[in-house]
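**Q** Predicted model and sequence follow; I will ask about them next.
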Amino acid sequence: MLAPFLASALLIATNAAAADEKKSEPADKDKATAAAAAQPATTVLPATAPAAPASPPPTLTADPKYWEARIKTRSKARYDLLVAGKLEETYEFLSVATRKEIPRDRYIMLMSQTKVMSADVFDARCAADFCTSSAYVTVNLSIPRVPARGALTTQEFRWIVSEGEAWLLLR
């Protein structure tokens, strides 16, 4: 019996508060307009539901074709960085084990000795526990007392799949 009475009292109090706001609205509206003009405009973005978590990539044995395409993409991205001379960024493609063996500064020093001029990744194949990428690479040879020139070579690299990503292994 008391619940309907409380609901009615709450409704009456809410209506009274709304009526009071309407009475003071013109004066408050002028104050609000002046305050808004004094402050820079901001955009309020609508709240959206959080994106659904992405499904994890398949395992290497479950979908080797997925990983072959992924490794071709990563290998091309790495070569693009090498061509651009961004050696620091190519270090991030290395596997954890390779990074433990080769410190960043040593890797950059070694990689800076040969300038990659162009690269064309033409193949990626996956076995049970690793993948191999193949590319035609043109490098700028600099040999003492010999004019610099480009040399076309074929390079193959091993990649491993770990923690949902393909990582380059250097031997």
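**A** Everything's here; your move. Given the structure is predicted, the values throughout are model-derived calculations rather than measurements. Numbers count the residues shown, from 1 in each chain.

**Q** contacts, neighbours, all on C-alpha from now
**A** Noted.

**Q** Find the nearest non-adjacent residue to residue 164, please.
**A** Nearest residue to residue 164, sequence neighbours excluded (C-alpha to C-alpha, 6 or more residues apart in numbering): residue 57, at 5.9 Å.

**Q** so the one you found makes contact with residue 166?
**A** No: using C-alpha atoms under 8 Å as the test, residue 57 is too far from residue 166 to be in contact (10.8 Å).

**Q** out of the two, which sits in the busier spot?
**A** Neighbours around residue 57 and residue 166, counted as other C-alpha atoms under 10 Å, are more numerous at residue 166. The numbers are 23 against 13.

**Q** And residue 122, how far from residue 81?
**A** Per C-alpha to C-alpha, to the nearest Å, residue 122 is found 17 Å from residue 81.

**Q** before we move on, the earlier item: where does the residue nearest to residue 164 land in three-state SS?
**A** Under DSSP: H, G, I helix; E, B strand; the rest coil, the three-state class of residue 57 is coil.

**Q** Now do it, the pLDDT please.
**A** On the pLDDT scale, residue 57 is placed at 81.

**Q** ok, now residue 140?
**A** Predicted confidence (pLDDT) for residue 140: 88.

**Q** repeat for residue 76
**A** Looking at residue 76, its pLDDT is 97.

**Q** Could you pull up the contacting residues of it?
**A** Counting by C-alpha atoms under 8 Å, 6 or more residues apart in numbering, residue 76 touches 119-121.

**Q** In terms of helices and strands, where is it?
**A** Take DSSP states H and E as the rule and residue 76 turns out to sit in helix 64-83.

**Q** how about the nearest residue to residue 89, chain neighbours excluded?
**A** Computed as C-alpha to C-alpha, 6+ apart, the closest residue to residue 89 that is not its neighbour in sequence is residue 81, at 7.1 Å.

**Q** how far away is the one you found from residue 60?
**A** 26 Å.

**Q** continuing past the longest strand seen in the chain, what's the next helix or strand?
**A** Taking DSSP state E as the criterion, the chain has its longest strand at strand 149-162. On the C-terminal side of strand 149-162, the closest following helix or strand by DSSP H and E is strand 165-169.

**Q** if we look at that following strand, which residues are touching it?
**A** For strand 165-169, contacts defined as C-alpha under 8 Å, 6+ apart pick out 67, 70-71, 74, 93-95, 97-98, 157-161.

**Q** With respect to residue 136, which of those residues is nearest?
**A** Comparing these against residue 136 with C-alpha to C-alpha places residue 157 closest, at 11.9 Å.

**Q** Might one say that the residue nearest to residue 89 is in contact with residue 87?
**A** Yes: at 6.9 Å, residue 81 counts as touching residue 87 under the criterion of C-alpha under 8 Å.
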